[in-house]
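Undergrad: Okay, predicted coordinates and the sequence, questions at the end:
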Amino acid sequence: MASTTAAASQHQASTTVAPASGRKVVDEVSGWLRVMDDGSIDRTWTGPPEALPLMQPVQPYAVPCDGHTLHDLPGEPNLRVYLPEVDAGSVGRLPVIVHLQGGGFCISHPSWVLYHHFYARLACAVPAVVVTAELPLAPEQRLPAQIYTAVDVLRRLRSIAMSDKGSLHDPAAELLREAADISRVFLVGDSSGGNLVHLVAARVGEDGADAWAPLRVAGGVPIHPGFVRATRSKSELQVTPDSVFFTLDMLDKFMAMALPEGATKDHPYACPMGPNAPPLESVPLPPMLVAVGEKDLIHDTNLEYCDALRAAGKDVEVLINRGMTHSFYLNKFAVDMDPTTGERAQELIDAIKSFVARH
């Protein structure tokens, strides 16, 4: 894994540095990632410097801020937990949102500002315990490593929740144990994390309810999931990206780095509605809320996934983010400064809140 601590995340987002002497860049992905001729990976940001503030790590805080506290739980895997301030006597235990990060399986860290501002807000709005997890990065660790780690997040969550009071020897873990209702766990993931929502929910469903009890995955929320095909969709060919955060170059190269060696984008990890994937009728999935950006490059394959779920008889709701591009809600500057972007981000939060309340 390229980034295992907030300090490592800070290094990822640091200003551009020259490659070590003797190393040469053999491939680059839109400013995000450089592959060196010795096989090493350099994730120093080389794109527009105005994006750097979104990639800075946020440190945990046990003193409430904006209605919540933030805690890190080192372990296997590392967790970060948002706990909203609520009256436990009136609301009881809270549902749990497990956030699975995006970044094409190759970049990003859950401590970054771009995730923090949204998931802190979501924790307070629902209200819910939000657990974010540090996932391995490709190409050092290709799929299915990210799936295995995400499943391990649920195992660790279940273990903490089922522990005896006072046995955890970690104040943050005790707080999580006391607050979390693990019978109502919701998987939420953006971009490639949306793929993981589907893949992890299916894996848990295949194990059966008894294997995971008392933990239950009550729903999934793939937000602008990275579902694609080997052939270009109409939206990929016609939509012009307006952001460095998602381009066709990123899509192609990150998928090539993340999928198993030799696989194409028709692999089930990238195209769960395609002929190479198990028939969706046979895939045990919880209710799904799928958010689709109207101006997303992969708008068409996102809708194709939703249509395939419906055809398979699955419980699926679709939220169209009108006028919005890929992962728009993670751009704190746009959310804060542009009224339309802010309104669409609020619509997304309201939709997730309503979905959780109904499941």
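TA: It's in.
Undergrad: so how far is stretch 170-182 from its chain's centroid?
TA: The chain centre lies 22 Å from the centre of stretch 170-182; the measure is C-alpha atoms, centre = their mean, to the nearest Å.
Undergrad: got it, and stretch 76-83?
TA: The answer for stretch 76-83 is 14 Å, by C-alpha atoms, centre = their mean.
Undergrad: what ranges do the helices span in the stretch 101-250 of the chain?
TA: For the stretch 101-250 of the chain, the helices defined by DSSP state H, counting those that start in this stretch occupy 113-125, 145-161, 171-179, 192-207, 209-212, 234-238, 248-258.
Undergrad: what about dumping the CA coordinates of the shortest one to PDB?
TA: Spelled out, that is helix 209-212. The C-alpha coordinates for helix 209-212 follow below in PDB (Å, rounded to 0.1, in the frame of the first residue of the first chain):
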ATOM      1  CA  ALA A 209     -27.100 -13.900   7.000                       C
ATOM      2  CA  ASP A 210     -26.200 -16.400   9.700                       C
ATOM      3  CA  ALA A 211     -22.500 -16.100   8.900                       C
ATOM      4  CA  TRP A 212     -22.500 -12.400   9.600                       C
END
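Undergrad: Need the winner for burial among the helices of the stretch 101-250 of the chain.
TA: Mean neighbour count (mean count of other C-beta atoms under 10 Å) peaks for helix 192-207 among these, with a mean of 24. Bear in mind the C-beta positions are built from the backbone N, C-alpha and C, glycine included.
Undergrad: can you map out the strands along this protein?
TA: For the chain, the strands defined by DSSP state E occupy 25-29, 33-36, 41-42, 61-65, 68-73, 79-84, 94-100, 129-133, 180-190, 217-223, 288-293, 316-321.
Undergrad: Look up how far Lys332 lies from the closest residue to Leu33 other than its chain neighbours.
TA: Closest residue in space to Leu33, ignoring its immediate chain neighbours: Arg43 at 5.5 Å, by C-beta to C-beta, 6 or more residues apart in numbering. As judged by C-beta to C-beta, to the nearest Å, Arg43 and Lys332 stand 21 Å apart.
Undergrad: dump the residue contacts of the residue nearest to Tyr269 when sequence neighbours are not counted.
TA: Leaving aside its sequence neighbours, Tyr269 sits nearest to Leu143 (C-beta to C-beta, 6+ apart; 5.1 Å). Residues near Leu143 by C-beta atoms under 8 Å, 6 or more residues apart in numbering: 105, 258-260, 269.
Undergrad: how much space between Leu143 and Asp87?
TA: 42 Å.
Undergrad: Then Pro286?
TA: Between Pro286 and Asp87 the distance is 29 Å, computed by C-beta to C-beta.
Undergrad: These two: which is more packed in?
TA: Using other C-beta atoms under 10 Å as the criterion, Pro286 and Asp87 rank with Pro286 on top: 20 against 7.
Undergrad: isn't the more buried one right up against Val221?
TA: No. Here Pro286 does not reach Val221: they are 10.3 Å apart, not a contact under C-beta atoms under 8 Å.
Undergrad: Need the residues touching each of these two.
TA: With C-beta under 8 Å, 6+ apart, Pro286 and Val221 have no common neighbours.
Undergrad: Quick one: residues contacting the nearest residue to His117 once chain neighbours are set aside.
TA: The shortest distance from His117 to any non-neighbouring residue, by C-beta to C-beta, 6+ apart, is to Lys332 (4.5 Å). Lys332 makes contact with 54, 113-114, 117-118 under the criterion C-beta under 8 Å, 6+ apart.
Undergrad: and of these, the nearest to Ala125?
TA: Phe118 (10.3 Å; C-beta to C-beta).
Undergrad: quick one: contacts for that closest one?
TA: Per C-beta under 8 Å, 6+ apart, neighbours of Phe118: 329-330, 332, 335, 345.
Undergrad: Same question for His359.
TA: Applying C-beta under 8 Å, 6+ apart, the residues contacting His359 are 184, 186, 218-219, 286-287.
Undergrad: Please convert those to TSV, extending it with pLDDT.
TA: Formatted as TSV, those follow (pLDDT from 0 to 100):
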residue	pLDDT
Arg184	98
Phe186	99
Ala218	98
Gly219	98
Pro286	98
Pro287	98
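Undergrad: which one of the residues you listed is nearest Pro77?
TA: Phe186 (18.5 Å).
Undergrad: okay, and for this protein, where does confidence drop off?
TA: 1-21, 88-89, 242 (pLDDT under 70).
Undergrad: Name the nearest residue to Pro144, ignoring sequence neighbours.
TA: Tyr269 is the one closest to Pro144 (C-beta to C-beta, 6+ apart), at 7.3 Å.
Undergrad: Just to check, that neighbour is in contact with Leu199?
TA: Yes. Using C-beta under 8 Å, Tyr269 is in contact with Leu199, at 6.6 Å.
Undergrad: got any residues that touch both of those two?
TA: Taking C-beta under 8 Å, 6+ apart as the criterion, Tyr269 and Leu199 both touch 144, 147.
Undergrad: Against Val35, how distant is Phe254?
TA: From Phe254 to Val35 the distance is 12 Å (C-beta to C-beta).
Undergrad: swap in Glu134?
TA: From Glu134 to Val35 the distance is 22 Å (C-beta to C-beta).
Undergrad: More neighbours: which of these two?
TA: The neighbour count for Glu134 versus Val35, taken as other C-beta under 10 Å, is higher for Glu134 (24 against 18).
Undergrad: Next, the residue lying closest to the more buried one once chain neighbours are set aside: phi, psi?
TA: In space, and not counting its chain neighbours, Glu134 is closest to Asn78: 4.2 Å by C-beta to C-beta, 6+ apart. Here is the backbone geometry of Asn78 (degrees, to the nearest 10): phi -70, psi 140.
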